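Student: starting from these lines, generate the structure:
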Amino acid sequence: MKLFHIVRMDRGGYDTYDSAVVAARTKTGAQKTHPDGEAREWEKDLSRLITWVKAEKVSVEYIGQAARGVKAGVICASFNAG
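Tutor: Residues are numbered from 1 along each chain as shown. Have a look, this model is predicted:
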């Protein structure tokens, strides 16, 4: 499992996530992870697009190898409460 820093490429605003650190097997897997913890096809749920962006608007940076036993998902997320 690898660790990635994901960041939305637009400004977002209040009551939105701006970034997260996630564990994923691939860059694409990281890019499709919602900072609230869901890695499945959440983009079809319009209510969840209010707090995040579609995968093509997510910047992904590899930051390292996860410790043994770490499962895919969100390690830490940044939410801008309004």
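Student: go ahead and confirm Gln65 touches Phe4.
Tutor: No: with contact defined as C-beta atoms under 8 Å, Gln65 and Phe4 do not form a contacting pair (11.1 Å). C-beta coordinates here come from the backbone N, C-alpha and C atoms, glycine included.
Student: which of these two has more neighbours?
Tutor: More neighbours surround Phe4 than the other of Gln65 and Phe4, with 24 against 11 (other C-beta atoms under 10 Å).
Student: just checking, what packs against the strand or helix carrying the more buried one?
Tutor: When secondary structure is defined using DSSP states H and E, the element that contains Phe4 is strand 2-8. Applying 3 or more C-beta pairs under 8 Å, 6 or more residues apart in numbering; DSSP states H and E, one finds that strand 2-8 contacts strand 16-24, helix 27-31, strand 58-65.
Student: point out the most buried one among the ones you listed.
Tutor: Among the helices and strands packed on strand 2-8, judged by mean count of other C-beta atoms under 10 Å, the one packed with the most neighbours on average is strand 16-24 (a mean of 21).
Student: tell me the strands beside that one, with direction?
Tutor: Based on DSSP bridges, the pairing partners of strand 16-24 within the sheet are strand 2-8 (antiparallel), strand 73-80 (antiparallel).
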